[in-house]
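**Student:** Predicted structure and sequence below. I'll ask about it afterward.
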Amino acid sequence: MRLAGPLRIVVLVVSVGVTWIVVSILLGGPGSGFPRIQQLFTTPRARKYKCGLPQPCPEEHLAFRVVSGAANVIGPKICLEDKMLMSSVKDNVGRGLNIALVNDVNDLLKFIRPLHEGTLVFVASYDDPATKMNEETRKLFSELGSRNAKELAFRDSWVFVGAKGVQNKSPFEQHVKNSKHSNKYEGWPEALEMEGCIPRRSTAS
């Protein structure tokens, strides 16, 4: 019974000592502030590279991001090497196919036909990409590497990166059909976003 008092004192001293050691470890020692405890509770932000990519592109590759329009409300965006080529903010987008603001099929053909070998082509749909396309425009996009140009229909969502003179189909293409059963918006499918790295003077292979 007489040991109860001294035993309590020993337990108290040990508890205080252990608490001091733990606090010192977490706080990084006297005068160091709170670096270690901050590391425990702070998640480092992911660094963003060109066009917002999560990692840099290899040498001789171009960073890009292509975002289709959302329904007929939010315009598409095309970014290349941190330069916004097209967006609603730049006021150079329109309904249809945005390669450069081209909505008339005749202008579109004049725009695509004279492309030089190796020219990269970035395309983002807005509202409806297909109504003003004819068989020749679909064929030309197919020759640029598209798998889906021949199937595009009313109000489909489509983003595509191809090149003049490709031998194979481009891996940089996304397509969502307009379907009342799966549309995200009333009358339109979801917007598409595609990003990546593409060789500077090569095909989209």
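**Tutor:** Sure thing, it's come through.
**Student:** Can you show me the strands along this structure?
**Tutor:** 61-67, 77-80, 83-86, 96-98, 101-102, 120-126, 157-163, 173-176, 193-199 (DSSP state E).
**Student:** As CSV, the ones you listed with mean pLDDT, distance to Arg147 and mean neighbour count would be great.
**Tutor:** C-betas here are computed from N, CA, C, even on glycine. Formatted as CSV, these follow (pLDDT from 0 to 100; distance: least, Cβ to Cβ, whole Å; neighbours: other Cβ atoms under 10 Å):
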stretch, mean pLDDT, distance to Arg147, mean neighbour count
strand 61-67, 92, 16, 21
strand 77-80, 90, 20, 22
strand 83-86, 88, 23, 17
strand 96-98, 84, 16, 26
strand 101-102, 46, 21, 16
strand 120-126, 91, 13, 24
strand 157-163, 93, 9, 26
strand 173-176, 94, 6, 19
strand 193-199, 92, 14, 18
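**Student:** count of residues packed around Lys110?
**Tutor:** 11 (other Cβ atoms under 10 Å).
**Student:** For it, give its distance to Asn134.
**Tutor:** 13 Å (Cβ to Cβ, to the nearest Å).
**Student:** same deal with Pro199?
**Tutor:** 31 Å.
**Student:** next one: Leu144
**Tutor:** From Leu144 to Asn134 the distance is 16 Å (Cβ to Cβ).
**Student:** which of those two has more neighbours?
**Tutor:** Leu144 (25 against 11).
**Student:** OK, contacts around the more buried one?
**Tutor:** Contact analysis of Leu144 by Cβ atoms under 8 Å, 6 or more residues apart in numbering lists 112, 121, 160, 162-164, 166, 170.
**Student:** And the pLDDT for it?
**Tutor:** pLDDT, Leu144: 93.
**Student:** Pull the residues that contact stretch 68-84.
**Tutor:** Outside stretch 68-84, the residues that touch it by Cβ under 8 Å, 6+ apart are 50-52, 62-67, 85-88, 90, 93, 95, 98, 122, 124-127, 157-159, 185-188, 190-193.
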